[in-house]
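Colleague: I'd like to go over a predicted model; first the sequence, then the structure.
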Amino acid sequence: METPRSRQIVIAGAGIAGLTAAIAFARKGFSVQLYEQAPELEEAGAGLQLSPNATRLLDGLGVLEFLRPAAVRPERIDLRGARRGKAIASITLGAAAESRWGAPYLVAHRADLQSALMARAAREHDIKLVTGARVADAALHARGATVSIERRGRIDEVSCLLLVGADGVRSSVRGLGRGARTDQPSGHVAWRSTIRREGRTGTALADAISDDAVTVFLHRRFHLVVYPIRSGTALNLVAITRGGAELARAGATDPAPLAAAMRGCRGPLKTLVQDAAPWTVWPVSVVDERISWSDGQGVVLIGDAAHAMTPFAAQGAAMAIEDAVTLADLVAARPGDMAGALSLYDATRRPRIQQVAARGRFNHFAWHARFPLSLGRDMVMKLRASRLAADLDWLYGHDARTAATPAAAKAK
């Protein structure tokens, strides 16, 4: 029997945002059609950090049990100067973080999270995933949307209550709206590499860092984040430097700009650019904060499609997960009032996103501080060492599931 339009959700994009939304909506009793433009879901990307505000939601959706075997629970975030590797400050994680914020802080490969989401989605009979399919157009009307799906040279139409654009920073769904703005270059690029923990380079690097920590090396020209993934068998490396999209090209990338940024570093960082090759480089794009996330009735954006931001707060995946759960909760809590649900989604999520983006801008300023500001930064961090975890309570202690409660709605 055909699913009534009033219970059908169409989602564009089967990444972290789309898969999380599919699970969240299916658990609320909706039928979900999930369309992915890629012909098949492949292992892609690199490591990501999942703070407690994300893992508590993944746990509530039943995803964490699939992710834990491949994830690592770090004991600390260590901040170090990049030139000499000198310790600046640490934020305690591990069991203390789980006790403080009610959920673990995990690091994992992006593909392992996607596999965990896929495994959980496979248990929901109301989720149908179609690959090699693109949302080409949508006709919006008072009762939802009629979506045109392009697949294998033909166009099919699907009626739904809501079209969810979870198709990333270059979202095609975002382009369906009037006055929608495209993504913009941030002026930064991300250099990524993964090395074996027991290899020569991994061993040398591990001698300079703790293998049970997320280590952030700070420098005015770059910052480098290192942490274990794949059950601790590999180390994920990501360096952020200034640069534009012209640096990126398919396959291996000439790391000369990264080497120039890291010039003057000592220890294992002195030869890391060469030792950890090949590197891939990705331009960091952002989405204009002023764009509308919804038409107010039948289409809405989540994750990077709505608010792609720089990685300085390490919250991209977490914000996508929060979006997905909040949206599903609000839509389910307001049957027959899609306009109200989408309005509350915007009112709930936009201030949160703005606050996280502001934290990212602060981190960029602090982490890339020039001398002598860097001396002041280091002194302040050392003096506030015991307060660094408390400073993150608003971020890591947040529970997006409360957004759909009557009290939260009344507050808005």
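Modeller: Cool, got the structure. Computed from a predicted model, the values in this text were never measured in an experiment.
Colleague: how close does residue 259 sit to residue 193?
Modeller: To residue 193, residue 259 is 13 Å away according to CB to CB, to the nearest Å. All C-beta spots, glycine's among them, are computed from the backbone N, C-alpha and C.
Colleague: Compare these two (neighbour count), which wins?
Modeller: residue 193 (21 against 14; other CB atoms under 10 Å).
Colleague: Please look at that one and residue 279 and confirm they touch.
Modeller: Yes. Assessed by CB atoms under 8 Å, residue 193 is found in contact with residue 279 at 4.9 Å.
Colleague: buried sites along the helix or strand that residue 157 is a member of?
Modeller: Applying DSSP states H and E as the criterion places residue 157 in strand 154-160. Neighbour-count burial for strand 154-160 flags 158-160 (criterion: 16 or more other CB atoms under 10 Å).
Colleague: Which member of these is positioned nearest residue 330?
Modeller: Closest approach between the buried residues of strand 154-160 and residue 330, by CB to CB: residue 160, at 16.6 Å.
Colleague: Surely the closest one is in contact with residue 145?
Modeller: Yes. If you go by CB under 8 Å, residue 160 and residue 145 touch, sitting 5.7 Å apart.
Colleague: Identify the contacts common to the two.
Modeller: Residues touching both residue 160 and residue 145 by CB atoms under 8 Å, 6 or more residues apart in numbering: 10, 298.
Colleague: Flag the shaky bits of this protein, pLDDT-wise.
Modeller: 1-6, 42-45, 177-181, 245-253, 403-412 (pLDDT under 70).
Colleague: for it, what's the longest helix?
Modeller: Ranked by residue count under DSSP state H, the longest helix found in the chain is helix 338-367.
Colleague: ok, then the element right after it?
Modeller: helix 373-383.
Colleague: Distance from that following helix to the middle of the chain?
Modeller: Remark: helix 373-383 is offset 29 Å from the chain centroid, using CA atoms, centre = their mean, to the nearest Å.
Colleague: List the buried residues of that helix.
Modeller: Under the neighbour-count criterion of 16+ other CB under 10 Å, helix 373-383 has 374, 377-378, 381 buried.
Colleague: can you redo these as CSV with distance to residue 240?
Modeller: Formatted as CSV, the buried residues of helix 373-383 follow (distance: CB to CB, whole Å):
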residue, distance to residue 240
374, 16
377, 17
378, 20
381, 19
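Colleague: now, among these, which is nearest to residue 212?
Modeller: Closest approach between the buried residues of helix 373-383 and residue 212, by CB to CB: residue 381, at 20.7 Å.
Colleague: contacting residues around the most centrally placed residue in the chain?
Modeller: Taking CA atoms, centre = their mean, the centroid of the chain lies closest to residue 317, which sits 1.7 Å from it. Each residue near residue 317 by CB under 8 Å, 6+ apart is listed here: 16, 48-50, 54, 110, 113.
Colleague: now, among those residues, which is nearest to residue 323?
Modeller: Among those, residue 16 lies closest to residue 323 (CB to CB), at 10.2 Å.
Colleague: quick one, what contacts that closest one?
Modeller: 110, 113-114, 117, 303, 317, 320-321.
Colleague: Check residue 221 too.
Modeller: By CB under 8 Å, 6+ apart, the contact list for residue 221 reads 241-242, 261-262, 368.
Colleague: among the contacts of residue 16, who's most crowded?
Modeller: Greatest neighbour count in the contacts of residue 16, by other CB under 10 Å, goes to residue 321: 31 neighbours.
Colleague: for that one, helix, strand, or coil?
Modeller: What DSSP: H, G, I helix; E, B strand; the rest coil gives for residue 321 is helix.
Colleague: do you know how far the residue nearest to residue 217 when sequence neighbours are not counted is from residue 219?
Modeller: With sequence-adjacent residues excluded and distances taken as CB to CB, 6 or more residues apart in numbering, residue 217 is closest to residue 82, at 3.9 Å. Relative to residue 219, residue 82 is positioned 4 Å away (CB to CB).
Colleague: Give the residues shared as contacts by these two.
Modeller: 262, 265.
Colleague: re the thing from before, and which of the contacts of residue 221 is nearest residue 105?
Modeller: Nearest to residue 105, judged by CB to CB, of those is residue 368 at 23.8 Å.
Colleague: pull the longest strand from this structure.
Modeller: Longest strand of the chain, by residue count under DSSP state E: strand 184-196.
Colleague: Dump the helix or strand just after that one to CSV, restricted to CA.
Modeller: Under the assignment DSSP H and E, the closest C-terminal helix or strand after strand 184-196 is helix 200-206. Only the C-alpha atoms of helix 200-206 are listed here, as CSV (Å, rounded to 0.1, in the frame of the first residue of the first chain):
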residue,chain,number,x,y,z
ARG,A,200,57.8,4.5,11.2
THR,A,201,56.1,7.8,11.0
GLY,A,202,53.4,6.9,13.4
THR,A,203,55.9,5.7,16.0
ALA,A,204,58.0,8.8,15.6
LEU,A,205,55.0,11.0,16.0
ALA,A,206,53.6,9.0,19.0
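Colleague: Touching helix 200-206 from outside, list them.
Modeller: The contact list for helix 200-206, computed with CB under 8 Å, 6+ apart, reads 195-197, 226, 234-235, 268, 272, 275-276.
Colleague: And for stretch 287-296?
Modeller: Stretch 287-296 is contacted from outside by 140, 169, 174, 177, 179-181, 183-184, 300-302, 304-309, 339, 342-343, 345-346, 349-350, 353-354, 357, using CB under 8 Å, 6+ apart.
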